[in-house]
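Chemist: Using only what follows, build the 3D model:
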Amino acid sequence: MTKNKAQVLKKIASIIAHLESDKDVENFLRAFMTPKECNTLCDRYALIEMLMAGYPQREISETLGVSISQISRGSAELQFGVGREVFPKIFKV
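Modeler: Here you go, the predicted model:
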(Lines give C-alpha, C1' and ligand atoms only; values in the text may rest on other atoms or scores of the structure.)
Protein backbone atom coordinates (compact mmCIF):
# COMPACT_ATOMS: atom_id res chain seq x y z
CA MET A 1 0.00 0.00 0.00
CA THR A 2 1.35 3.40 -0.91
CA LYS A 3 1.90 6.05 1.76
CA ASN A 4 -0.94 8.14 0.30
CA LYS A 5 -3.38 5.22 0.32
CA ALA A 6 -2.37 4.38 3.90
CA GLN A 7 -3.19 7.97 4.89
CA VAL A 8 -6.57 7.78 3.15
CA LEU A 9 -7.30 4.46 4.88
CA LYS A 10 -6.54 6.09 8.26
CA LYS A 11 -8.88 8.94 7.38
CA ILE A 12 -11.67 6.51 6.43
CA ALA A 13 -11.14 4.55 9.66
CA SER A 14 -11.37 7.76 11.66
CA ILE A 15 -14.57 8.79 9.88
CA ILE A 16 -16.17 5.41 10.58
CA ALA A 17 -15.03 5.51 14.21
CA HIS A 18 -16.73 8.87 14.68
CA LEU A 19 -20.06 8.05 13.05
CA GLU A 20 -22.86 8.13 15.60
CA SER A 21 -24.87 5.03 14.73
CA ASP A 22 -24.66 1.60 13.13
CA LYS A 23 -27.02 2.86 10.43
CA ASP A 24 -24.63 5.74 9.61
CA VAL A 25 -21.75 3.26 9.27
CA GLU A 26 -23.86 0.98 7.08
CA ASN A 27 -24.89 3.91 4.87
CA PHE A 28 -21.28 5.09 4.63
CA LEU A 29 -20.17 1.62 3.48
CA ARG A 30 -23.04 1.31 1.00
CA ALA A 31 -22.28 4.76 -0.42
CA PHE A 32 -18.66 3.83 -1.16
CA MET A 33 -18.99 0.19 -2.11
CA THR A 34 -20.73 -1.55 -4.97
CA PRO A 35 -23.25 -4.29 -4.12
CA LYS A 36 -20.63 -6.85 -5.20
CA GLU A 37 -18.03 -5.31 -2.87
CA CYS A 38 -20.57 -5.36 -0.01
CA ASN A 39 -21.25 -9.05 -0.68
CA THR A 40 -17.52 -9.79 -0.74
CA LEU A 41 -17.06 -7.98 2.58
CA CYS A 42 -19.94 -9.97 4.10
CA ASP A 43 -18.43 -13.24 2.83
CA ARG A 44 -15.03 -12.33 4.29
CA TYR A 45 -16.62 -11.47 7.62
CA ALA A 46 -18.52 -14.77 7.72
CA LEU A 47 -15.38 -16.66 6.70
CA ILE A 48 -13.32 -15.15 9.54
CA GLU A 49 -16.18 -15.66 11.98
CA MET A 50 -16.33 -19.36 11.09
CA LEU A 51 -12.53 -19.77 11.24
CA MET A 52 -12.49 -18.14 14.67
CA ALA A 53 -15.24 -20.54 15.79
CA GLY A 54 -13.11 -23.50 14.69
CA TYR A 55 -15.01 -24.71 11.65
CA PRO A 56 -13.00 -26.84 9.18
CA GLN A 57 -12.02 -25.10 5.96
CA ARG A 58 -13.95 -27.54 3.77
CA GLU A 59 -17.16 -26.92 5.74
CA ILE A 60 -16.64 -23.15 5.46
CA SER A 61 -16.16 -23.52 1.71
CA GLU A 62 -19.34 -25.54 1.32
CA THR A 63 -21.40 -23.30 3.62
CA LEU A 64 -20.33 -19.97 2.12
CA GLY A 65 -19.63 -21.08 -1.43
CA VAL A 66 -16.10 -19.66 -1.34
CA SER A 67 -12.88 -21.27 -2.51
CA ILE A 68 -10.38 -22.99 -0.25
CA SER A 69 -7.79 -20.44 -1.41
CA GLN A 70 -9.97 -17.59 -0.06
CA ILE A 71 -10.24 -19.43 3.23
CA SER A 72 -6.47 -20.00 3.28
CA ARG A 73 -5.91 -16.26 2.83
CA GLY A 74 -8.28 -15.59 5.72
CA SER A 75 -6.50 -18.16 7.84
CA ALA A 76 -3.12 -16.58 7.03
CA GLU A 77 -4.51 -13.19 8.07
CA LEU A 78 -5.57 -14.72 11.39
CA GLN A 79 -2.14 -16.19 11.95
CA PHE A 80 0.27 -13.65 10.51
CA GLY A 81 -1.54 -10.42 9.56
CA VAL A 82 -3.04 -7.52 11.47
CA GLY A 83 -6.13 -9.68 11.86
CA ARG A 84 -4.39 -11.68 14.59
CA GLU A 85 -4.52 -8.55 16.74
CA VAL A 86 -8.00 -7.25 15.93
CA PHE A 87 -10.10 -10.35 15.20
CA PRO A 88 -9.99 -11.72 18.78
CA LYS A 89 -11.40 -8.37 19.95
CA ILE A 90 -14.32 -8.70 17.50
CA PHE A 91 -14.99 -12.43 17.47
CA LYS A 92 -15.29 -13.73 21.01
CA VAL A 93 -14.31 -17.38 21.02
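Chemist: domains in the protein, as residue ranges please.
Modeler: 1-32, 34-93 (automatic domain parsing).
Chemist: so what does the helix or strand hosting residue 63 touch, helix or strand wise?
Modeler: Remark: residue 63 resides in helix 57-64, with elements defined by DSSP states H and E. Packing partners of helix 57-64 (3 or more CB pairs under 8 Å, 6 or more residues apart in numbering; DSSP states H and E): helix 35-52, helix 68-80. C-betas here are computed from N, CA, C, even on glycine.
Chemist: Which is the succeeding secondary structure element to the last one?
Modeler: The reference is to helix 68-80. Moving toward the C-terminus from helix 68-80, the next helix or strand (DSSP H and E) is helix 83-90.
Chemist: pLDDT on that next one, on average?
Modeler: In this model, helix 83-90 carries a mean pLDDT of 90.
Chemist: quick one: it to chain centroid distance?
Modeler: Distance, stretch centre to chain centre, for helix 83-90: 11 Å (CA atoms, centre = their mean, to the nearest Å).
Chemist: start at 19 instead
Modeler: Done: numbering now begins at 19, and the last item shifts to helix 101-108.
Chemist: Since that was my last question, I'll sign off now.
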